[in-house]
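J.: Got a sequence here, can you model it:
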Amino acid sequence: MSLTLPAGVALPVTASALVLTQQPGNGDNGGQGEDFGKSSPVGFLVLILFLIAVAFLVRSMTKHLKRVPASFDDPPAEESASSDEPPSEAPAEPEKKQPNGASSAKSD
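T.: This is a model prediction of the structure:
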């Protein structure tokens, strides 16, 4: 089984394919001149500097990851010691003073 195009469709398809595949004739190669794809020594130096920076970042990340605990769960509280003693009461609030220097506690 072969695919054949009708005669009315084949000519426009062929013509458009030829137009789309042509190279520009005015000398503009779309930025792909004779130096296209070549790198300068400055570019190579920048690449080496980036690789060195990545190596230092990996080393630093490894140090920090070694300090991370294995689990972030709270450590189990010792319930045996706290179950024998009653819970302690909250400390009393300190006495607040009025702007004129009088105490907020009422004296009867």
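
J.: who touches stretch 56-63?
T.: For stretch 56-63, there are no external contacting residues (C-beta atoms under 8 Å, 6 or more residues apart in numbering). All C-beta atoms are positioned from the backbone trio N, CA, C, and that covers glycine.

J.: All further residue positions should be reported with the first residue as 38.
T.: All right, first residue 38 from here; so that's stretch 93-100.

J.: Kindly state the pLDDT recorded for residue 83?
T.: Per-residue pLDDT puts residue 83 at 95.

J.: Next, count neighbours for it.
T.: 12 (other C-beta atoms under 10 Å).

J.: again with residue 79
T.: Using other C-beta under 10 Å, residue 79 is surrounded by 8 other residues.

J.: gap between it and residue 86?
T.: Per C-beta to C-beta, to the nearest Å, residue 79 is found 11 Å from residue 86.

J.: ok, now residue 53?
T.: 48 Å.

J.: Which stretches in this protein count as helices?
T.: With DSSP state H as the criterion, the chain has helices at 44-57, 78-104, 116-121.

J.: Quick check: which of these is nearest to residue 110?
T.: For the helices of the chain, the distance to residue 110 is smallest for helix 116-121, at 15.9 Å, taking C-beta to C-beta.

J.: picking up where we left off before, can I get the helices of the chain in JSON lines including distance to residue 137?
T.: Listed next are those as JSON lines, based on distance: least, C-beta to C-beta, whole Å:
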{"stretch": "helix 44-57", "distance to residue 137": "91"}
{"stretch": "helix 78-104", "distance to residue 137": "54"}
{"stretch": "helix 116-121", "distance to residue 137": "45"}
